[in-house]
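Colleague: Provided below are the primary sequence and the corresponding predicted coordinates.
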Amino acid sequence: MSAADDVPGAETAVGGDGSAPLRVEGLEKHFGGITAVDGATFDVERGSLTGLIGPNGAGKSTTFDLVTGFHRPDAGSVRFEGEDITGRRPHEIADRGLVRTFQIARELGEMTVLENMMLAPGDQRGEQLWRSVLPGFRGAVRDQEGELLERCWEMLEFFEIDHLAEEYAKNLSGGQRKLLEMARVLMTDPTLVLLDEPLAGVNPTLEEKLLDHVHELREEGYTFLLVEHDMSVILENCKHVIVMHQGRVLAEGTPAEIKSDERVLDAYLGEAI
Amino acid sequence: MSGETGSGWGNDVVKIVVTFAVMYAVYFVLGLIAGLPLQGIFATVVQLTLLIALYAMLTLALNLHWGYAGLFNIGIVGFMAVGAYTMLIISKPPASASAAAVIGGFGLPFSVGVVGAVVATALVGFVVALPALRLRADYLAITTIAFAEIIRFTFQSGTFSEFDLFGTTVGTGGGRGLLVNFEDPITTYVLDSGAFAAAVDWIEAATIGGNLQPVMDTAVVATVLMAVVAGYYWLFRRTGESPFGRVLKAINEDEDVARALGKDTSRFKVKSFMLGCALMGLAGAFYAMYFLGSVNPTAFKPQFTFFVWVALIIGGAGSNTGSVLGAAIFVGVLLRGPLFVKNVIETFVDIGSAPPTIIDAVAALGTLDVTPVIAYTFENISLFRIIALGVVLVWLMKRRPSGLLGHRKETAAAIPLGRLRPVGDAEPAADGGGSE
C-alpha cells in the first residue's frame, strides 16, 4: 500500500512544497486519424487540488485514461512518485496509490453500499482464494474484514451516506452514487485521486457538499486532480489550474492568471468565465 | 437481506431438504397409487438421487463461473471428459498379456486418479482461459464450446487410442473408449464388506424381501456423492462469501471498476475459472465411475452442457442454494419426471400401440380421437421432454428470469456486514434490504 496515509499532511503544511507526485510529459494518443491528446505536459503538486479544464473534446478524459492505464499512450511518459508508470495496467497503477473515479458514477448496483466499499481496499488477505477457503486461515481473513468494515463505516459517515449502508447501490439516487463513488475510491488509501467530472449532474446543494469534502480531504493530505467542465467551479476551488485545448495544455497557472489569459478566452469563445 | 449471510445456512439447508422431501414424497405417492412395487419405486428414487448429485456438482461449479464471475462457459462437458479420461488413464490397471484387447492405464490408486483428474482439468481450464479471458466475454463462450468439441474428437481419434507414456502403454481407446475395470474404495470398503452384506440381509428380512443388494449398492454410492455435493456447496459458499468472491461479483458487474480499484481482474478470472473447471473434472470422473462404467466420446456430447445450464437457470444464477435446488428440480421434474409419470399412467390406461409417425397421430385428431396423439407422445417421451424443456425455459425467461433464488444476493463478505454498527444509528436490518 502507499505510505502516504501514514503521514497525512506531512507535506501539506507547506501547502505544496514543490514536490510533484504526478508528472506527465509529452503524452500523445491517436485514435485512427483523430489525435485525442497531443503532447500534454503537466505536473500535479502534492497536497494540491489541481483543476483540469477545457472545452468538450479537449482530451481531458483521454488524458485521465492514459494516466490511469485504461489506454496506452502512443508517446510520452507518466511518472508517479518518481516511478515511470507509462503503459502499466490499471490495477498496477491503482495499487501504487493513483486512483480515479469515472465520469458517470459506476456503482456496482447488485452489491450493497457496504459491499461496494469493502471491495476497494488493497492487500486484502481474503482475495487469495486459498486463504478464504482453507480452514485455519479464514480466521485471519475475518479479522481483517472486521477492521475494514470499521473503516468503511467511518468513511460512509464522513460522506454522510451511512444510513444507506445496507441498501443495494442501484437504489441510490444520482447524487448518492457520486458520494459512494468518491467514498469507495478513498477506501483504496490513495495518494492522488483523479476525479472525472464529479459534479456533473449534481444539484447545487450536493455540489457544495462534495466540494467541502474534497477540501477537507485535501487538508488531510490527499492530492486531487479535478476535471471539470464548469469553469467557475474550478476557478473558485483550485489554486492551480491547467487548461487543455485540442489535446494540448494551453495554459497553466492560478485562477487569476487563467482568467486573464487571452488564449483561454479564445478557446472558450465568448463563454463567460 | 444482507443479514442472511451468517444465519442463512440453516435456512438454506432447510430449503434443500424440503425440496428433496417433497419430490421423494410425490414419487412415492404416485408410485403407490399406480401400484408399482415398493422396491421399484425405491430404486427409481435412488437413481434419481444419484443423478441429482451429479447435476448438483456441475451446477454449483457453473454457478461459480457464470453466477459469480460472469464467465460464459458452455464447454462443461469437455471439462468433464478431461476429468473422466484422466481418472481412468491413471487408475486403470496396466494392460496385461492375457487381455491384450483392453487398453491399460498406470494402475495407480483411486485417490491418485481423483487428484489427477482435478489437477489435469484445472490445467486444461487454465490453457482455455488464458487467451479467451483477455477478450470480451462472448469469446470465452466460443472458445469453451469449441474446446469441448476438440476434446471429444481428440478422444475419438485413433491417434491417441494407444500411446506410450513414461514407459507404459496407455490411451483413450478411440471410439471404443475405456472400460472401468478397477475397484473404487466404496466398493472395496463398504459394498464388499461383511457388515454391509449383513445389513442388506437384515433389511431384506425386515421388509419385503427380494434382492435388495443392487439398489442398496446404488443407495450407498448416491449417499457418498451427496456428501461430495455438500463438500462442493461448502467450498463454493466460502468462495463466494469472501473478499475473493466480492471481487468476482464486481468483475461480473463492471470489470473496469474492479480494475480501477486495483484488482488484477485477469488473475481472479483465471483462478475462478480453474477452480470451477477442476470441480467439473471431478464430477466427470465420478460420472465415468458410477454412471457410465465405461467412457467413450459419445457420452460427452454438448447436450449435457445445456442441461446443466438449464438447471442453473431454474435455480437462479448467483445462488449456491439455488444451484442445488435447480439441479434437483431439473432432474426430478424435467429429466426423470416425464418417464416416471408415463409409467404411472400406463398402469391405469392401456394406451395401445402408437402410430408410426406424428402425421398419423395428428391425423386421428380429425375424428376427435386423441388417443393416438397421447400414445405417440408416450412412445417418444424422451424426445418430447426436450421440447418441454424449451417451453419451460421460455416461460422462465418471461416470468422469472432470475430463477428460483437468483433474486436473492448472497452477501460477498467473510463476516456479516452491518453488525458492528452502534445500535440506534443504523437503519434496522429488516427494512434495509432493497431487493424485495
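Modeller: Okay, I see it.
Colleague: for the rest of this, base every contact and every neighbour count on C-alpha atoms.
Modeller: Fine.
Colleague: residues contacting the closest residue to B:Ser157 other than its chain neighbours?
Modeller: Leaving aside its chain neighbours, B:Ser157 sits nearest to B:Gly174 (5.3 Å; criterion: C-alpha to C-alpha, 6 or more residues apart in numbering or on different chains). For B:Gly174, the contact set (C-alpha atoms under 8 Å, 6 or more residues apart in numbering or on different chains) comprises B:155-161, B:296-297.
Colleague: what about residue 75, how many neighbours?
Modeller: Reading this off chain A. When neighbours are defined as other C-alpha atoms under 10 Å in any protein chain shown, A:Ala75 has 16 of them.
Colleague: that's the wrong chain, I meant chain B
Modeller: 25.
Colleague: ok, now A:Thr41?
Modeller: Applying the criterion other C-alpha under 10 Å, we find 18 residues in the vicinity of A:Thr41.
Colleague: in chain A, which spans are strands?
Modeller: If DSSP state E is used as the criterion, the strands of chain A fall at A:22-31, A:34-44, A:49-53, A:75-80, A:83-84, A:98-100, A:192-196, A:223-228, A:240-245, A:248-253.
Colleague: need the pLDDT of A:Val14.
Modeller: Here, the pLDDT recorded for A:Val14 equals 36.
Colleague: I meant A:Gln176, not that one.
Modeller: The model reports A:Gln176 with a pLDDT of 91.
Colleague: pretty sure it is touching A:Glu160, no?
Modeller: No: the pair formed by A:Gln176 and A:Glu160 falls short of the contact definition of C-alpha atoms under 8 Å, at 9.4 Å.
Colleague: higher neighbour count, these two?
Modeller: For A:Gln176 and A:Glu160, the more surrounded residue by other C-alpha under 10 Å is A:Gln176, and the numbers stand at 20 against 16.
Colleague: out of everything not next to it in sequence, what's closest to the more buried one?
Modeller: Among residues not flanking A:Gln176 along the chain, A:Ile161 sits closest, at 7.3 Å (C-alpha to C-alpha, 6+ apart).
Colleague: tell me who's in contact with the most centrally placed residue in chain B.
Modeller: With distances taken as C-alpha atoms, centre = their mean, chain B has B:Tyr55 as the residue nearest its mean C-alpha position (1.8 Å). With contact taken as C-alpha under 8 Å, 6+ apart, B:Tyr55 is in contact with B:308, B:311, B:327-328, B:331.
Colleague: against B:Gly352, how distant is the closest residue to chain B within chain A?
Modeller: In chain A, no residue comes nearer to chain B than A:His91, which is 3.7 Å away by C-alpha to the nearest C-alpha. Taking C-alpha to C-alpha, to the nearest Å as the measure, A:His91 and B:Gly352 are separated by 69 Å.
Colleague: these two: which is more packed in?
Modeller: A:His91 (23 against 12).
Colleague: residues in contact with residue 106?
Modeller: Going with chain A. If you count contacts by C-alpha under 8 Å, 6+ apart, A:Arg106 has them with A:177, A:181, B:254, B:257.
Colleague: look at chain B instead
Modeller: For B:Phe106, the residues meeting the contact criterion (C-alpha under 8 Å, 6+ apart) are B:89-94, B:168, B:170.
Colleague: now, the most widely separated pair of those?
Modeller: B:Ser91 and B:Thr168 (12.6 Å; C-alpha to C-alpha).
Colleague: still on that earlier bit, surely the residue of chain A closest to chain B is in contact with B:Val257?
Modeller: No: the pair A:His91 and B:Val257 does not pass the contact test of C-alpha under 8 Å, sitting 9.9 Å apart.
Colleague: coming back round to it: and the contacts of B:Phe106, which are buried?
Modeller: Of all these considered here, the ones buried according to neighbour count by 16 or more other C-alpha atoms under 10 Å in any protein chain shown are B:89-94, B:170.
Colleague: in helices only, show me those.
Modeller: Of the positions in these, B:89-91 sit in helices, assigned by DSSP state H.
Colleague: out of these, which one sits closest to A:Arg151?
Modeller: Relative to A:Arg151, the closest of these is B:Ile90; by C-alpha to C-alpha it sits at 50.9 Å.
Colleague: counting neighbours, what do you get for the residue lying closest to A:Trp153 once chain neighbours are set aside?
Modeller: Take A:Trp153 and drop its neighbours on the chain: the residue closest to it by C-alpha to C-alpha, 6+ apart is A:Asp162, 6.6 Å away. Other residues lying near A:Asp162 total 22 when counted by other C-alpha under 10 Å.
Colleague: go on, B:Leu368?
Modeller: By other C-alpha under 10 Å, the residues close to B:Leu368 number 9.
Colleague: next: B:Leu235.
Modeller: B:Leu235 is surrounded by 16 other residues when neighbours are defined as other C-alpha under 10 Å.
Colleague: okay, the closest residue to it other than its chain neighbours and B:Lys269: tell me how far apart.
Modeller: In space, and not counting its chain neighbours, B:Leu235 is closest to A:Val133: 6.6 Å by C-alpha to C-alpha, 6+ apart. Counting by C-alpha to C-alpha, the gap between A:Val133 and B:Lys269 amounts to 17 Å.
Colleague: over to B:Leu36?
Modeller: Counting by C-alpha to C-alpha - B:Leu36 and B:Lys269 are separated by 50 Å.
Colleague: the more surrounded of these two?
Modeller: Counting neighbours by other C-alpha under 10 Å for B:Leu36 and for B:Lys269 shows that B:Lys269 has the greater number, 23 against 15.
Colleague: wait, isn't that one in contact with B:Arg134?
Modeller: No: proximity of B:Lys269 to B:Arg134 does not meet the contact threshold set by C-alpha under 8 Å, at 9.8 Å.
Colleague: the nearest residue to B:Asp360 once chain neighbours are set aside: neighbour count?
Modeller: Leaving out its chain neighbours, the residue that sits closest to B:Asp360 by C-alpha to C-alpha, 6+ apart is B:Pro372, at 7.9 Å. The number of residues packed near B:Pro372 is 23, by other C-alpha under 10 Å.
Colleague: contacts for the host helix or strand of B:Pro372?
Modeller: Secondary-structure element containing B:Pro372, defined by DSSP states H and E: helix B:371-379. Applying C-alpha under 8 Å, 6+ apart, the contact partners of helix B:371-379 are B:342, B:351-358, B:360-362, B:364-365, B:384.
Colleague: neighbour-wise, give me the winner out of these.
Modeller: That'd be B:Ala361 among the contacts of helix B:371-379, by other C-alpha under 10 Å, with 21 neighbours.
Colleague: and the residue of the stretch 151-300 of chain B that's closest to chain A?
Modeller: Residue of the stretch 151-300 of chain B nearest chain A, by C-alpha to the nearest C-alpha: B:Gly262 (3.7 Å).
Colleague: so A:Trp153 makes contact with A:Ile161?
Modeller: No: A:Trp153 sits out of contact with A:Ile161 when judged by C-alpha under 8 Å, with a separation of 9.3 Å.
Colleague: of those two, which one has the most company?
Modeller: Between A:Trp153 and A:Ile161, A:Trp153 has the larger neighbour count (other C-alpha under 10 Å), namely 22 against 18.
Colleague: so that one versus A:Glu115, what's the distance?
Modeller: From A:Trp153 across to A:Glu115, the span is 11 Å (C-alpha to C-alpha).
Colleague: and the helices in chain A, which stretches?
Modeller: Per DSSP H, chain A has helices spanning A:60-67, A:90-95, A:113-119, A:129-133, A:138-158, A:174-186, A:204-219, A:231-237, A:255-259, A:262-268. These are given in chain order.
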